[in-house]
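Trainee: Sequence unavailable; structure follows:
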């Protein structure tokens with residue numbers, strides 16, 4: 001499980017880089033959270049937050065919800081072992097609320 005958590009951490013930094021490069025969104029707060037707390041703690045915090053983060057909203061406005069933590073968690077079943085069923089459902093519900101259809105693999 002530790003190896004999977006490390007892989008997830010790398011994936012989270014990948015989301016940061018892609019948002020900056022592909023969506024012209026410098027997610028500085030997200031980067032600080034990743035650097036301070038790591039990918040898994042950051043993802044759980046964002047998913048369990050009662051409202052979407054400013055970064056989520058910024059990516060929504062850019063039509064790039066595919067670059068959100070929620071999409072990464074829902075679309076990649078390999079990460080599901082790191083989250084509770086409730087957290088995965090919360091992420092799925094948030095995406096659905098914003099009319100994003102996950103590409104589950």
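Mentor: Done, it's in. Quick caveat: nothing in here was measured; it's all calculated off a predicted structure.
Trainee: Now for residue 23, how many residues are close by?
Mentor: By other C-beta atoms under 10 Å, the residues close to residue 23 number 17. To be clear about C-beta, it is placed using only N, CA and C from the backbone, and glycine gets the same treatment.
Trainee: how close does it get to residue 60?
Mentor: Distance of residue 23 to residue 60, given as C-beta to C-beta, to the nearest Å: 11 Å.
Trainee: can you list the residues that contact the longest helix seen in the chain?
Mentor: Ranked by residue count and defined by DSSP state H, the top helix of the chain is helix 2-22. The contact list for helix 2-22, computed with C-beta atoms under 8 Å, 6 or more residues apart in numbering, reads 25-27, 30-31, 34, 38-40, 42-43, 55, 59, 64, 67-69, 72, 76, 78-79, 81-82.
Trainee: quick one: pLDDT of the spatially most central residue of the chain?
Mentor: Taking C-alpha atoms, centre = their mean as the criterion, residue 69 is the residue nearest the geometric centre of the chain, at 0.4 Å. Model confidence at residue 69, expressed as pLDDT, equals 98.
Trainee: Make sure it is actually in contact with residue 44.
Mentor: No: counting by C-beta atoms under 8 Å, residue 69 stays clear of residue 44, with 9.2 Å between them.
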